[in-house]
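[1] Predicted model and sequence below, questions to follow.
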Amino acid sequence: MGSNSSKEVTGPLGTVTVSDKKPPNIGSSIEIPPECPMHAKHNQNKTASDCPINPDNYMPLEPRQQPMEGQPFDLCKDRQTSTIPKAEAKDEKDKYWVYPSEQMFWNAMIRKGWKWQEAVDGKDDKSGEKFTAKDMKDIIRIHNFNNELAWKEVLKWELAFHQKECPCGPTLKRFGGRASDYSPRARIRSWLGYELPFDRHDWVIDRCGKEVRYVIDYYDGSLESETGKFALLDVRPAFDSFEAVWDRMRATYWRWTHEYISKPEPKPVE
């Protein structure tokens, strides 16, 4: 990310090939740390000294912001507030979910066994490019943007079908990562010859007192350097109720009819 040549950066979003001239590809092996609001996965290797964990998102209640031993460069400790409203917020300051800082990402990767020495020395990259502080800034930017994009997709469903039911709008209650647990839709697509998603998240929203689960499949895409978008998202309500089935049936009908109406009429042959 610090030069015009392409390089592979291994971070909490997986392995990303980054180039100033060419869009990168996202690797299929994705592991995201427990601090990441995009992917709340229980850390199986946590020690007794770890801080208490929030059961709604498996994020530390007292996030670690101290640099790790031997850390080669300083990382920003600022945390960006998202636009995603939090269910059961304690007060106005706690109204929205807050993304982890660069330092929190770094610490989480270390706890998950990331060998930063090899990355900083360029030994874990075929191109020999070294992992820098700028790479961590880019990872944070990509992570935050794609979280915001996922929430916008959830809102499209909610505003289209449930605005009268919940005029104040939904809030995000909890979420979890299920990268190795492919959804039925993803498996069917793979049987038809399409690629499998590199990651999956389940987000549970609060629709004015009703819990609703959404499934988000992430597919490889090209990185947009200006925005940080790197994945194609397939967001839809899970088949947990007849209401969700009906919503997806209506959405499918709308897509088909819109596509048919949008097509120009063929010109008569003279």
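    Arrived safely. Numbering: from 1, shown residues only.
[2] helices and strands around the helix or strand where residue 257 lies, which ones?
    Using DSSP states H and E, residue 257 sits within helix 242-262. Identification of packing neighbours for helix 242-262 by 3 or more Cβ pairs under 8 Å, 6 or more residues apart in numbering; DSSP states H and E yields helix 133-161, strand 231-237. All C-beta spots, glycine's among them, are computed from the backbone N, C-alpha and C.
[3] Could you check how far residue 137 is from residue 68?
    Distance, residue 137 to residue 68, using Cβ to Cβ, to the nearest Å: 17 Å.
[4] Could you do residue 168 as well?
    Counting by Cβ to Cβ - residue 168 and residue 68 are separated by 42 Å.
[5] Which one of these two is surrounded by more residues?
    Neighbour tally, residue 168 and residue 68, criterion other Cβ atoms under 10 Å: the higher count belongs to residue 68, 15 against 9.
[6] Run through the helices of this protein in chain order.
    Using DSSP state H, the helices of the chain run over residues 102-111, 116-121, 133-161, 184-191, 242-262.
[7] Indicate which one of these is closest to residue 91.
    helix 133-161 (21.3 Å; Cβ to Cβ).
[8] What residues of that closest one count as buried?
    Under the neighbour-count criterion of 16 or more other Cβ atoms under 10 Å, helix 133-161 has 135-136, 138-140, 142-144, 146-151, 154-155, 157-158, 161 buried.
[9] for stretch 169-189, same thing?
    By 16+ other Cβ under 10 Å, the buried positions in stretch 169-189 come out as 170-177, 179, 182-183, 186, 189.
[10] Mind putting those residues into a markdown table with pLDDT and distance to residue 95?
    Listed next are the buried residues of stretch 169-189 as a markdown table, based on pLDDT from 0 to 100; distance: Cβ to Cβ, whole Å:
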| residue | pLDDT | distance to residue 95 |
| --- | --- | --- |
| 170 | 97 | 14 |
| 171 | 97 | 9 |
| 172 | 97 | 11 |
| 173 | 96 | 14 |
| 174 | 94 | 16 |
| 175 | 89 | 17 |
| 176 | 86 | 22 |
| 177 | 83 | 24 |
| 179 | 83 | 29 |
| 182 | 93 | 34 |
| 183 | 92 | 31 |
| 186 | 93 | 33 |
| 189 | 91 | 37 |
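[11] closest to residue 94 among these?
    Checking those against residue 94 by Cβ to Cβ gives residue 171 as the nearest, at 11.7 Å.
[12] The closest one bridge partners, please.
    residue 206 (DSSP bridges).
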